[in-house]
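[1] build me a model:
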Amino acid sequence: MNKGKVLMAMSGGIDSTMASLLLHEEGYEIIGLTMKTWDYASSGGSKKETGCCSLDSINDARQLAVDCGFPHTILDIRDEFGDHIIDNFVDEYIAGRTPNPCVLCNTHIKWEALLKRADMLGCEFIATGHYAQVRKFNNRYVVSKGIDETKDQSYVLWGVTQECLKRTIFPMGKFHKEDIKKMAIDRGYSQLAAKSESYEICFIPDNDYRSFLKRRVKGLEDKVKGGDFVSTNGDVVGKHDGYPFYTIGQRKLGVSLGDNPTYVVGINEKENIVVVGSKEDLKKQEMYVRNINYVKSPNIINGTELLVKIRYKHVGEMATVINQGDNLKVLFHNKVEGIAPGQSAAFYEGDDLVAGGFIMKK
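    As a prediction, this is how the structure comes out:
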């Protein structure tokens, strides 16, 4: 029985492949779409082309479509991706912040591109291989954690709009990763189960963002080199290579404040200063969040207590959330280590994603 027409985002990896298979088996009519977001040859890095935009991955996605008998197409969105995601990535580091390109890509590129093509192709739904769930609650579409806590990807989905969520299916959300691997093997796709997963930024395959910035912004190194490392009490303790090449929480800086490890605890881009301190100096109890997207409800009631995640792998910390105009003030119940401006903050009520936004500088 045909349950509807789905535009399936296919990267060639095990998750989107199995999502496609499962929806196909459930009776959905599938159209596979692989998005070409980046040309590795343009990155100038040294690592071999791998990941979602490689020719091998595109061929893997196409082969599954051939096996199952549904159409597959490739969508070139390199210009859209470059203009928005890569320019923002560079701009954020120049502003002394740590960017979150995956969140921005989901919000402004992938879902919008999928929805636009779904309409053109007459698809009722769009689907991805993310480990998350979506359901309707009080006339809104709510993202919830996938049941596999170790693979849950709801954190990177806080920016997806209600318009997109109401047409989104997440087949992987109700499975554990090990179950998916077993399903792949049972269906004859053991090579996918053996594929290693990439956690790098897709347009930096060698995982060296500093070299990427230098290649992308000509003369950047000369403009920012020779700045000061400054301790939290204001003492100059050394020279650094340029503030854009450092992130909050970074170690192995070539300077020492004594016997204990030294970390980056702050960045002052206006004066080309990198502030260093102890592990204790990394811990903060307060932060501010901008560009809020409300998922579960149109707003957050002032003084609500929610679990807040500040990184993808962060387990989260309970906090009291206070409305401040368009922004949110977050008062953690316990100090949190490594709050980095530019990264995402995701707010949870149980397993439900309530809202999200970008961490601000004070």
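[2] flag the shaky bits of the stretch 151-300 of the chain, pLDDT-wise.
    Low-confidence segments of the stretch 151-300 of the chain, defined by pLDDT under 70: 198-199.
[3] if we use 80, what do you get?
    Counting by pLDDT under 80, the ranges of the stretch 151-300 of the chain that qualify are 195-200, 205.
[4] which residues in it form strands?
    168-169, 228-231, 236-239, 263-268, 273-277, 283-294 (DSSP state E, counting those that start in this stretch).
[5] with mean neighbour count added, can I get these in CSV?
    Every residue, glycine included, has its C-beta placed from N, CA and C. What follows is the strands of the stretch 151-300 of the chain, written out as CSV (neighbours: other CB atoms under 10 Å):
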stretch, mean neighbour count
strand 168-169, 22
strand 228-231, 19
strand 236-239, 13
strand 263-268, 21
strand 273-277, 22
strand 283-294, 17
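[6] turn the ones you listed into JSON lines, including distance to T128.
    As requested, the strands of the stretch 151-300 of the chain are exported to JSON lines (distance: least, CB to CB, whole Å):
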{"stretch": "strand 168-169", "distance to T128": "7"}
{"stretch": "strand 228-231", "distance to T128": "42"}
{"stretch": "strand 236-239", "distance to T128": "45"}
{"stretch": "strand 263-268", "distance to T128": "34"}
{"stretch": "strand 273-277", "distance to T128": "38"}
{"stretch": "strand 283-294", "distance to T128": "18"}
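[7] and of those, who's closest to F358?
    Nearest to F358 among these is strand 283-294 (5.1 Å), distances taken as CB to CB.
[8] that older thread, of all the strands of the stretch 151-300 of the chain, which one is nearest S57?
    strand 168-169 (21.5 Å).
[9] ok, F245 - contacts?
    For F245, the residues meeting the contact criterion (CB atoms under 8 Å, 6 or more residues apart in numbering) are 210, 213, 224.
[10] mind listing what's buried in stretch 215-234?
    Of the residues in stretch 215-234, those scored as buried under the neighbour-count criterion (16 or more other CB atoms under 10 Å) are 216-217, 220, 224, 227-231.
[11] kindly report the same for stretch 335-345.
    336-345.
[12] reformat these as TSV; add pLDDT and distance to D79.
    Listed next are those as TSV, based on pLDDT from 0 to 100; distance: CB to CB, whole Å:
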residue	pLDDT	distance to D79
V336	97	38
E337	96	39
G338	94	34
I339	97	34
A340	96	29
P341	97	29
G342	96	24
Q343	96	26
S344	97	25
A345	98	30
